[in-house]
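Novice: with the sequence up front, the predicted model follows.
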Amino acid sequence: MDPIDLRSDFLARPTAAMRRAGARAADGPASFGLREDPWQRRLEARVAELCGTEDALIFPTCTMANTTALLLGARPGSCVPTQPDAHVLVSEAGAGAAWGGLWLRAVDASGPGASAAMPSLAAWDDAMGQAPDAQRPPVQLCVLENTHNRSGGIALPPDYVDAVVALARRRRVRLHLDGARLLYAASALSVPVATLARGFDTVTLSLNKTLGAPVAGVLAASRDAISEALVLRQRLGGGLRPVGAACAATLAGLDEPMQLDAVLALAARLARGLSDCPGLSVLAPGVTTNLVVAALAAPQHTADALARMEAAGLRALSLAPGHVRFAVYRGIDTVAIDRSIAIVRAVMAALPAASAAV
C-alpha cells in the first residue's frame with residue numbers, strides 16, 4: 001500500500017489539463033526577456049485580477065516573494081511587526097534581517113480572545129504606534145499571514161483583516177499580506193480573494209501549495225511596486241527563464257475548478273477523526289482550512305510518534321516540539337484520510353504516555 005504523505009500541500013500534483021497546457025506551451029517559441037513571455041504576462045494579469053491589484057510578478061518561491069515585499073516596504077533598520085510564529089518570522093531563515101536589515105518582531109498575542117493568528121487590535125495598534133527616537137527603530141511595515149500556518153491553517157476573517165488595515169492606514173504604516181494559502185482562506189470564508197487582499201500594499205500567493213502548480217510564488221501589488229520588485233527579484237537570483245510552459249500550466253490550474261471546498265471537507269474530516277484521539281488535542285481556535293495541527297499531551301514523544309506514523313505508512317511534519325501538522329491537498333481522498341486517522345490512533349495508543357490527560 002502506498003504511503004500517505006501529508007507533510008505539505010506543495011506535494012499536490014498538477015491536473016491533466018495543467019500538464020497538457022504546459023506541454024503545448026513548451027512546443028512554442030522561447031522568450032528571453034524577464035517579462036517577455038506571453039504566458040507569463042497572462043498569468044500575472046490573472047493573479048493581479050484575482051487579488052484586486054494593478055500588477056503581479058512570478059517568483060521561484062513564496063519565500064523570495066515575501067523577502068522582496070519586505071525590501072519594498074521598509075528601509076534597513078526598521079521594525080516590522082507580524083503575528084507570533086508567522087512564516088516570515090520563523091521559517092524564512094531571517095531573510096528580512098539578512099537582506100534588508102529589518103527587525104521582525106512578534107506582536108503581543110496575550111490577553112482575552114487573542115491568539116497567535118489574531119492578536120488583539122489594541123496590540124497591533126501598540127506595535128504600529130511605536131514612536132521612533134534615537135534609540136528605537138521606526139515601524140514602516142507590518143506583515144499579516146493568512147492563513148496562519150502554525151496555528152493550524154486559521155483563516156483570518158474580513159472584518160479582522162479590514163480592522164488591521166484601517167489601523168495601519170491611520171498610523172501610515174505599509175502592509176504586506178503573506179497569503180501563501182490565501183485561496184484556501186477565501187474558500188473557507190466564502191469570500192473573493194480580493195476581499196481578503198484589499199488595503200494591502202503587497203500580497204503573495206503560493207500557487208504550488210494550492211494548485212500543485214510549477215510556478216510557486218506570485219507577488220501582487222501596484223505597477224510601480226512591481227517595477228521595483230522586478231529589479232529586486234533579479235538581485236536575489238529569481239529571474240526565471242524560460243517560463244512559458246510553467247506559466248501556461250499554472251494558468252490552466254487557475255482557470256479550471258480548483259476543488260478547494262473538497263480539500264477543506266477532507267481536512268475537517270481528519271480534524272474530527274483526531275479530535276478524540278487519546279494523547280492528542282487538535283488546534284482549532286478559528287476557521288480552519290487545509291492544515292490540521294495536533295498537540296501531543298507528551299511532547300517528548302513527538303519524534304517517536306512521527307517515526308511510528310511513517311513506519312505505518314503516514315508522513316507528517318513537526319513544526320514545533322509537541323506539535324504535528326497534517327496538510328491536506330488535492331489528490332488526497334477519503335480513503336487516505338480515514339487510513340491516516342487509523343494510523344494516528346494506533347500510534348498514540350502504543351506510546352507510553354498515550355493515556356495522559358490532554
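Specialist: Everything's here; your move. Numbering: from 1, shown residues only.

Novice: hey, let's count contacts and neighbours off CA atoms from now on
Specialist: Fine.

Novice: what's the domain layout of this protein?
Specialist: By the assignment in automatic domain parsing, the chain contains the domains 16-255, 259-350.

Novice: tabulate those (TSV), appending mean neighbour count, mean pLDDT and distance to L6.
Specialist: Conversion of the domains of the chain to TSV gives the following (neighbours: other Cα atoms under 10 Å; pLDDT from 0 to 100; distance: least, Cα to Cα, whole Å):
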stretch	mean neighbour count	mean pLDDT	distance to L6
domain 16-255	20	95	12
domain 259-350	19	94	5
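
Novice: secondary structure element holding D2?
Specialist: In this assignment (DSSP states H and E), D2 forms part of neither any helix nor any strand.

Novice: so what pLDDT did it get?
Specialist: If you check D2, the pLDDT there is 90.

Novice: how about stretch 207-218 as CSV, C-alpha atoms only?
Specialist: Taking Å, rounded to 0.1, in the frame of the first residue of the first chain, the C-alpha atoms of stretch 207-218 are listed here in CSV:
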residue,chain,number,x,y,z
LEU,A,207,0.3,28.5,-6.2
ASN,A,208,2.1,25.2,-5.8
LYS,A,209,0.5,24.8,-2.4
THR,A,210,-3.0,25.4,-3.7
LEU,A,211,-2.8,24.0,-7.2
GLY,A,212,0.3,21.8,-7.4
ALA,A,213,1.5,24.4,-9.9
PRO,A,214,5.0,24.7,-11.3
VAL,A,215,5.0,28.4,-10.6
ALA,A,216,5.5,28.6,-6.9
GLY,A,217,5.2,32.2,-5.8
VAL,A,218,3.5,35.4,-7.1
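
Novice: identify the residues contacting that stretch?
Specialist: Surrounding stretch 207-218, the residues in contact under the criterion Cα atoms under 8 Å, 6 or more residues apart in numbering are 8-14, 44, 47, 56-65, 180-181, 183-184, 204-206, 246-247, 249-250, 253-254, 258, 260, 329-330.

Novice: rewinding a little: what's the closest of the domains of the chain to P3?
Specialist: For the domains of the chain, distance to P3 was read as Cα to Cα. The smallest value, 4.4 Å, belongs to domain 259-350.

Novice: so which of the contacts of stretch 207-218 belong to strands?
Specialist: The strands in this structure, assigned by DSSP state E, contain A56, L57, I58, F59, T204, L205, S206 from the contacts of stretch 207-218.

Novice: which one of those is nearest V88?
Specialist: Using Cα to Cα, T204 is the member of those that sits closest to V88, with 11.8 Å.

Novice: contacting residues for the closest residue to Q300 other than its chain neighbours?
Specialist: Computed as Cα to Cα, 6 or more residues apart in numbering, the closest residue to Q300 that is not its neighbour in sequence is G322, at 6.9 Å. Contact partners of G322, counting by Cα under 8 Å, 6+ apart, are A295, L296, A297, A298, P299, Q300, H301, T302.

Novice: 10 Å instead, please
Specialist: When the contact criterion is Cα atoms under 10 Å, 6 or more residues apart in numbering, the partners of G322 are L280, A294, A295, L296, A297, A298, P299, Q300, H301, T302, A303, A305.

Novice: need the contact partners of stretch 306-314.
Specialist: Residues from elsewhere that reach stretch 306-314 (Cα under 10 Å, 6+ apart): 1-7, 301-305, 315-318, 324, 326, 336, 339-341, 343-348, 350-351.

Novice: same thing but 8 Å
Specialist: Looking at stretch 306-314 with Cα under 8 Å, 6+ apart, the contacting residues turn out to be 2-6, 315-318, 340, 343-344, 347.

Novice: how distant is it from the center of its chain?
Specialist: The chain centroid and the centroid of stretch 306-314 are separated by 25 Å, computed with Cα atoms, centre = their mean, to the nearest Å.

Novice: quick one: S281 is in a strand?
Specialist: Yes: under the criterion used here (DSSP: H, G, I helix; E, B strand; the rest coil), S281 sits inside a strand.

Novice: so it makes contact with A297?
Specialist: Yes: under the criterion of Cα atoms under 8 Å, S281 makes contact with A297 at 7.5 Å.

Novice: returning to that earlier point: can I get the contacts of stretch 306-314 in a markdown table with distance to G152 and secondary structure?
Specialist: Compiled in a markdown table, the contacts of stretch 306-314 are given as follows (distance: Cα to Cα, whole Å; DSSP: H, G, I helix; E, B strand; the rest coil):
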| residue | distance to G152 | secondary structure |
| --- | --- | --- |
| D2 | 26 | coil |
| P3 | 23 | coil |
| I4 | 19 | strand |
| D5 | 17 | strand |
| L6 | 13 | coil |
| R315 | 17 | strand |
| A316 | 13 | coil |
| L317 | 12 | strand |
| S318 | 12 | strand |
| S340 | 17 | helix |
| I343 | 20 | helix |
| V344 | 17 | helix |
| V347 | 21 | helix |
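
Novice: among those residues, which pair sits farthest apart?
Specialist: Checking those against each other with Cα to Cα, the farthest-apart pair comes out as D2 and S318, at 21.5 Å.

Novice: which residues sit in contact with V292?
Specialist: V292 makes contacts with G152, G153, A267, L270, A271, V282, L283, R325, F326, A327, as judged by Cα under 8 Å, 6+ apart.
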